[in-house]
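Novice: missing the sequence, but the structure's below:
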């Protein structure tokens, strides 16, 4: 029995096709070097199995040693096999099968707000449905100390492996929260002192003249439709990023960076 267990932790090499372990509904196969670094740093106990190409063994030596110590499976695979396992050509030589990142609900957000643990602004994404935009926004949010990225339940994109890779580790740092009734949630945040600042390409004050402190919710709308009327009615302030006017608006992830950079500068 001891001999069989030891063989499970030993990496296998060779050209034989790799059959990835079937993932459950509560698991995802994440890929990308920084995304996998952050997963290992933040929640190693949720790792199920690791796949990587031989060239990445030195880069992830500590992860492989941890897998061997904790009897977690890992396997050295060919590039083509890793592409098949991840469904992506952007795997960066590593993939980790792990429990899916837990998303917050309204109760999680309320608990953090009531305890005064929101050390930075909250982002609300209104109608932003592109997973790559979510990943890019998470990366920016982590850089500028955002407390949470929120959106409407069922509308905010999933934290897919592609979005997590684009986030470059930020998906393990900034919680994503689904709100079942966003206008009500925003009004409740306003009642406890949060400024609800809606971004607009047509009206509003420049970022340096807008309340963007730690107790603020920055609302960013979709590039096609902007902030919806119901969410805009809940806003206490509006912010506009000045520019040449040669284009109607910025990409939502770029707009997030401009506004959050000003919020960080004040802190």
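Specialist: Structure received. Just so it is clear, the model here is predicted, and its values are computed rather than measured. Numbers count the residues shown, from 1 in each chain.
Novice: quick one: residue 188 from residue 109, how far?
Specialist: According to CB to CB, to the nearest Å, residue 188 and residue 109 sit 10 Å apart. For every residue, glycine as well, the C-beta is placed using N, CA and C.
Novice: between those two, which one's more packed in?
Specialist: In this comparison of residue 188 against residue 109, neighbours counted by other CB atoms under 10 Å, the higher total goes to residue 109 at 21 against 15.
Novice: Now that one: closest residue in space that isn't a chain neighbour?
Specialist: residue 177 (4.9 Å; CB to CB, 6 or more residues apart in numbering).
Novice: In three-state terms, label that neighbour for me.
Specialist: strand (DSSP: H, G, I helix; E, B strand; the rest coil).
Novice: Give me the phi and psi angles of residue 73.
Specialist: When read as degrees, to the nearest 10, the backbone of residue 73 gives phi -70, psi 140.
Novice: Pull the contacting residues for the residue nearest to it when sequence neighbours are not counted.
Specialist: In space, and not counting its chain neighbours, residue 73 is closest to residue 49: 4.4 Å by CB to CB, 6+ apart. Contact partners of residue 49, counting by CB atoms under 8 Å, 6 or more residues apart in numbering, are 21, 72-75, 96-97.
Novice: and residue 49, that one's in a strand?
Specialist: Yes - Residue 49 forms part of a strand when assessed by three-state DSSP.
Novice: Show me which residues of stretch 77-88 are buried.
Specialist: With burial defined by 16 or more other CB atoms under 10 Å, the residues of stretch 77-88 counted as buried are 77-78, 81-83, 85-86, 88.
Novice: Looking at the residue nearest to residue 109 now. What's its pLDDT?
Specialist: We have a pLDDT of 98 for residue 177.
Novice: Would you enumerate the residues in contact with it?
Specialist: By CB under 8 Å, 6+ apart, the contact set of residue 177 is 103-106, 108-109, 148-151.
Novice: 6 Å instead, please
Specialist: Counting by CB atoms under 6 Å, 6 or more residues apart in numbering, residue 177 touches 104, 109, 148, 150.
Novice: Any of the contacts of residue 49 buried? List them.
Specialist: In terms of neighbour count (16+ other CB under 10 Å), the buried residues within the contacts of residue 49 are 72-75, 96-97.
Novice: Adding pLDDT as columns, could you present the residues you listed in JSON lines?
Specialist: Output for the buried ones among the contacts of residue 49, formatted as JSON lines (pLDDT from 0 to 100):
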{"residue": "72", "pLDDT": "95"}
{"residue": "73", "pLDDT": "95"}
{"residue": "74", "pLDDT": "96"}
{"residue": "75", "pLDDT": "96"}
{"residue": "96", "pLDDT": "98"}
{"residue": "97", "pLDDT": "98"}
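Novice: now those residues as JSON lines including secondary structure and distance to residue 214?
Specialist: Output for the buried ones among the contacts of residue 49, formatted as JSON lines (DSSP: H, G, I helix; E, B strand; the rest coil; distance: CB to CB, whole Å):
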{"residue": "72", "secondary structure": "coil", "distance to residue 214": "39"}
{"residue": "73", "secondary structure": "strand", "distance to residue 214": "43"}
{"residue": "74", "secondary structure": "strand", "distance to residue 214": "41"}
{"residue": "75", "secondary structure": "strand", "distance to residue 214": "45"}
{"residue": "96", "secondary structure": "strand", "distance to residue 214": "33"}
{"residue": "97", "secondary structure": "strand", "distance to residue 214": "37"}
